[in-house]
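S.K.: Quick one: sequence and predicted model below, then my questions.
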Amino acid sequence: MPEEIRYIQVVDEEGRVDTKLEPKMKKERVMQLYTTLIRLRTLEARMMTLQRAGRIGFYGGSVGQEATATGSAAALQPQDWVFPQYREPGAALIKGISMETLLYQFMSTAKDIGKGRQMPVHYGDRAVNFVTISSVVASQIPHGVGAAWAMRMRKANAVAMVYYGDGATSTADFHAGMNFAAVFRAPCIMWCNNNQFAISVPREKQTASKTLAQKAIAYGMEGLQVDGQDMISVYAAAKYAADKARKGDGPTMVESITYRVGPHSSSDDPSRYRPDSEVELWRKKDTLERMRHYLRHKKWYDEDEDAKLHKLADEEVSAAIAAAERAGPPSWETMLEDVYAEMPQHLQMQHDDLAAYLKWKEARA
Amino acid sequence: MAVLTILQAVNDALRTEMRLNEKIVVLGEDVGRLGGVFRATDGLQKEFGEERVVDTPLSEAGIIGSAIGMALYGLRPVPEIQFQDFIYPAFDQIVNELAKFRYRSGGQYPCPVTIRTPYGGGIRGGHYHSQSGETHFAHTPGLKVVIPSTPYDTKGLLIASMRDPDPVMFMEPKRIYRSAKGEVPEGAYTVPIGKASVPREGTDVSVFAYGSMIPVCLEAAKHAESKGTSVEVVDLRSLVPLDIKAVLASAEKTGRAVVVYEAPRTCGYGAEISALIAEHAMLSMKAPIVRVTGFDTPFPYALEDLYMPNPDRVYRAIEQVMSY
Amino acid sequence: MVAVTVPSDDIVQVLREDGSAVSHLEPKLSSQDHQKLLRTMMLARATDTKAMNLQRSGRIGFYVPSYGQEACQVGSASALKPGDWVAPAYREPGAALFRGAPVKALLAQCYGNMADAQKGRQMPSHFGSSAVNLITPSSPVGTQIVYATGVAWAMKIRKDPKVALVYFGDGATSEGDFHVGLNFGGVFRVPCIYFCNNNGWAISVPRDRQTASKTIAVKAVAYGIEGARCDGNDILAVIRVTREAESRARGGAGPTLIEAMTYRMGPHSSSDDPTRYRPAGELEAWKRKDPIERYRQFLEKSGIVPAAKAKDLEQEVTKEVEDAVIEIEAEAPVPPELLFEDVYAELPYHLRLQRDSLLGERKAGSIVEYEQAEGKFPL
């Protein structure tokens, strides 16, 4: 019995625009997306350089897949929550997390909201409803569903955007999250960034289903695919799913088809498991180029403006790096705080013992 | 004789035993084509093929559960969990199935699976690439828990694990994956599971530890020696089954005990050592049993060096027990 | 638009509720085959009935009956060869019996005395036997789906012409292990049959609250594997669909998810009271679809098993169960030493210390004998 999975593409690789699918977007909104893309690219290029120079310990970037997180987050409202995996800095920027906040976390400074407790790219910011990242794949999926369920129970006019990758669809947490989302009609968007790789394991080895979107059928949920390289398509798909959830019509699974041009992280060497020719193919589907096509179509593209945006982005990132490098490390006491709401006795004992040790060490020096 | 790192010893053990036993199947995330994120399984897929060295979907429960089934059927699977921090989706399979199959079936269904996983801090990994969860497994009857600290022990214990009729958690101290170097004989050999070793003999204080903490304790011992204290370091090597006799013999010999583990303090494995000594060798002790441990917090990123026991803290504990 | 293949919703039925058959769908079976199938279903029913009585009278502590699901168990098991492996959940005594496990062995596991090969280690209804390639189950729901996948995977690696069949219920499809097991099964194309006994209830949670998908079979689309549905109270339909899955698996074409539509006529277990949560009249409606009665009618109508013979079989199996109970009850309880065996292949030192300590205490009479706890096992 055949069934059809919708595929959304507004701007194709040649720059042709499907006006039937084109979402209604004001120029400000589109320029916001374009600017964020430039800021993101600038940030990530600098972070890889910093990591190689030893100024940050680690970086895991979203080179090649910038649109999928940026365009989708743009369809949200401020009261909506984002549950990231760890590869959605575009969503962080759209939500309004500042470059400083990011750099404070990347450089584990005293000004980091997380107080230097986690390795780089594991940030979060409650002020903009962006939930703190963990390294564990897919664990955020049931969290996002639960939050959305609560939103529904409290009749809040809010939805949850839940991000995860192709690898995550093999996990038990994906299964549990999807099933609960559908059973409880949670107002969430189950957004799969299919970048074709889970470190070295390619999409075809992850699962035998033809698409990832069809897994939604197994839960009684709608599933659709979108061209993840096209910012406008991504926005359109996310807007559809967010509106639907907000209306009370339940969750949607979106499989955003993109590619991880960069390595899994600064510790990874993709030349060991994929040919450069494949990477080159996807570089040709570059998001920035695609957006320029759209801007030219709308007659909103300006080369000078573009150059200015790049320069501004450079300055913004440099300022954030400088601020972070000035900020200094977190104090030792912070290691024992926030384990519980109030410090229990056993941790107080450890605190005191550590203080005594540091005194002892100083005395020996 | 070749000088290898722990990582190379792991690779050597797998290669050696896979050549001897065609029932061994290695499976896990990124273990085949990539050779493992630490390169522990480098070159194995090329030599033994895709059927014996398998890149699996992203699912720890699937990796361990499948391995259990393979073992039931007569293969010898050696699954890898990429970082011990990620083992928890498989915790149900490990605790409720793997550990209990032999017992619940009255011996009909043994489950010889060797789970390899890198554990512990020291690589700037933060909360989710640094955990030491050995106590979860030591607390589960039916599992064996093995933690080497040298390349020689790594190869011998891993081969022994792959030949053991029981399920083994083979936890690899990733902090010293590349820094621990030592002579490793060619070909197959085993180091017995259930036997501790004494890398440094002494008469004044016994220091009990395992894994990445061994080099830390050896350094503290050297410093203590220069100050006139003779320190014995006992490398447990097997947490389950524990070499209880060796532990008690050393405690009774010196009368002073320091127990070191990097895991969170409460209910860490070393608490068992403290209890055993208190129960069976109390009257030989000249001082309280002191533990040097990680803190009861999630493993911090920036303050990692403060969190992990270092030679200074171990030395301070030695001073403390010597002061009685 | 991308076209994907989704399993059919159609429910395969061969035996209509009145006992007449859709003849062109009938699986090939000899008279002996039919008789064995009927007898085994009756034996399973008799075992359940006796065991529930034993539990009520306090002679065993607990039991999981499977009234109404005999066709699912016996029919599916009959499609396999002796060398194939079966991984039960805990509600498939009919499968164990069909494979040749003696009733005595099954019930002995409920008593947990020296007649039990598993040495009294698990609560009742956790029977397994390597002699009939039936893997001992545990209580956590769904875990068997993953290790059964591993068994099938190993069969493929060894190039053995065997298959594995794993049972689970509708509730289990919500567990991570269902997802994980079927995904691995699809990726590695293992010779496994994923057999879902959809009996409508996960203790008190009805099927439509378990998942929002239209059927359970449709979940196969998520894994790139085949799916099929059958009337689980129609033993011939169960046999037909399982045989298709078996030949697919053995032929190397990979796994199938079978959804057998049936009904849990009894309680979840001897500790459960379904009147607290099931709608009135539902049970009565399903009693009219009793699988044993339907099959018996078909066999009588077609002359394969006349009424008198069917009555004989019923009496035979009742006696078989009674005799088994008498033999089991004559056996001694399990001695304390056995507590420490089979934790590992060889008794390690620390367990020897614990064992000696326990035996020493008992010898010295210094252990306080604790009374059996008042509360019943709540599930």
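M.R.: Perfect, I can see it now.
S.K.: For A:K284, grab the count of nearby residues.
M.R.: 9 (other Cβ atoms under 10 Å in any protein chain shown). (Glycine included, C-beta is placed from N, CA and C.)
S.K.: who's in contact with it?
M.R.: Residues in contact with A:K284 (Cβ atoms under 8 Å, 6 or more residues apart in numbering or on different chains) are A:E13.
S.K.: Walking through the stretch 151-300 of chain A, point out its helices one by one.
M.R.: Taking DSSP state H, counting those that start in this stretch as the test, the helices found in the stretch 151-300 of chain A are A:172-183, A:203-206, A:231-247, A:276-283, A:287-297.
S.K.: buried ones in the helix or strand C:V317 falls within?
M.R.: Assigned by DSSP states H and E, C:V317 belongs to helix C:307-329. Within helix C:307-329, the residues that count as buried by 16 or more other Cβ atoms under 10 Å in any protein chain shown are C:A310, C:L313, C:E314, C:V317, C:T318, C:E320, C:V321, C:A324, C:V325, C:I328.
S.K.: Surely the second one touches C:T40?
M.R.: No. Proximity of C:L313 to C:T40 does not meet the contact threshold set by Cβ atoms under 8 Å, at 9.9 Å.
S.K.: Which stretch among the helices of the stretch 151-300 of chain A approaches B:V234 most closely?
M.R.: helix A:172-183 (39.8 Å; Cβ to Cβ).
S.K.: Burial check on A:S331, number of neighbours?
M.R.: By other Cβ under 10 Å, neighbour count at A:S331 equals 12.
S.K.: need the contact list for residue 298.
M.R.: Let's take chain A. A:K27, A:V30.
S.K.: switch to chain C, that's the one I care about
M.R.: C:L15, C:G19, C:S20, C:A21, C:L236.
S.K.: Near residue 179, how many other residues are there?
M.R.: Because you didn't say which chain, this covers chain A. With other Cβ under 10 Å as criterion, A:N179 counts 27.
S.K.: oops, chain C please
M.R.: Neighbours around C:H179, by other Cβ under 10 Å: 32.
S.K.: cool, the one 5 residues further on as well?
M.R.: The number of residues packed near C:F184 is 32, by other Cβ under 10 Å.
S.K.: residues contacting it?
M.R.: B:T56, B:P57, B:S59, B:G62, B:S66, C:V146, C:T149, C:W153, C:V190.
S.K.: What are the structural domain limits within the chain?
M.R.: The chain I'm using is chain A. Under the assignment automatic domain parsing, the domains of chain A span A:6-330, A:331-365.
S.K.: Correction: the question concerned chain C.
M.R.: Split by automatic domain parsing, chain C gives C:23-329, C:336-374.
S.K.: try chain B
M.R.: B:2-184, B:197-322.
S.K.: that older thread, list every C-alpha atom in the helix holding C:V317, with coordinates, as PDB.
M.R.: C-alpha atoms of helix C:307-329 as PDB (Å, rounded to 0.1, in the frame of the first residue of the first chain):
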ATOM      1  CA  ALA C 307     -17.000 -34.300  19.100                       C
ATOM      2  CA  ALA C 308     -16.300 -37.400  21.100                       C
ATOM      3  CA  LYS C 309     -12.600 -37.300  20.200                       C
ATOM      4  CA  ALA C 310     -12.500 -33.700  21.200                       C
ATOM      5  CA  LYS C 311     -14.000 -34.600  24.600                       C
ATOM      6  CA  ASP C 312     -11.400 -37.300  25.000                       C
ATOM      7  CA  LEU C 313      -8.600 -34.800  24.300                       C
ATOM      8  CA  GLU C 314     -10.000 -32.500  26.900                       C
ATOM      9  CA  GLN C 315     -10.100 -35.200  29.500                       C
ATOM     10  CA  GLU C 316      -6.600 -36.300  28.500                       C
ATOM     11  CA  VAL C 317      -5.000 -32.900  29.000                       C
ATOM     12  CA  THR C 318      -6.800 -32.300  32.300                       C
ATOM     13  CA  LYS C 319      -5.300 -35.500  33.600                       C
ATOM     14  CA  GLU C 320      -1.900 -34.700  32.200                       C
ATOM     15  CA  VAL C 321      -1.900 -31.500  34.200                       C
ATOM     16  CA  GLU C 322      -3.200 -33.100  37.300                       C
ATOM     17  CA  ASP C 323      -0.500 -35.800  37.200                       C
ATOM     18  CA  ALA C 324       2.200 -33.200  36.600                       C
ATOM     19  CA  VAL C 325       1.100 -31.300  39.700                       C
ATOM     20  CA  ILE C 326       1.200 -34.400  41.900                       C
ATOM     21  CA  GLU C 327       4.700 -35.200  40.700                       C
ATOM     22  CA  ILE C 328       5.900 -31.600  41.300                       C
ATOM     23  CA  GLU C 329       4.400 -31.300  44.700                       C
END
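S.K.: Now do that helix: which elements does it pack against?
M.R.: helix C:31-56, helix C:103-111, helix C:291-301 (3 or more Cβ pairs under 8 Å, 6 or more residues apart in numbering or on different chains; DSSP states H and E).
S.K.: For chain A, what is the nearest residue in chain C?
M.R.: Going by Cβ to the nearest Cβ, chain A is nearest to C:G176 of chain C, at 2.2 Å.
S.K.: how near is the nearest residue to that residue once chain neighbours are set aside to B:H136?
M.R.: Residue nearest to C:G176 in three dimensions, not counting chain neighbours: A:A172, with 2.2 Å by Cβ to Cβ, 6 or more residues apart in numbering or on different chains. Going from A:A172 to B:H136 by Cβ to Cβ, to the nearest Å gives 18 Å.
S.K.: Looking at those two, which one has more neighbours?
M.R.: A:A172 (25 against 20).
S.K.: which other residues reach the one helix or strand A:M349 maps to?
M.R.: Using DSSP H and E, A:M349 falls within helix A:345-364. The contact list for helix A:345-364 (Cβ under 8 Å, 6+ apart) reads A:332-333, A:336, A:339-340, A:343, B:265-266, B:295-297, B:306, B:312-313, B:316.
S.K.: Just the ones of those residues in strands?
M.R.: Using DSSP state E, no member of these sits in strands.
S.K.: which ones are touching C:V2?
M.R.: A:E4, A:I5, A:Y7, A:K210, A:T211, A:A213, A:Q225 are the contacts of C:V2 under Cβ under 8 Å, 6+ apart.
S.K.: Tell me how many other residues crowd B:F48.
M.R.: Here the count is done by other Cβ under 10 Å, and B:F48 has 20 residues near it.
S.K.: Next up, the contacts around it.
M.R.: Taking Cβ under 8 Å, 6+ apart as the criterion, B:F48 is in contact with B:M18, B:V26.
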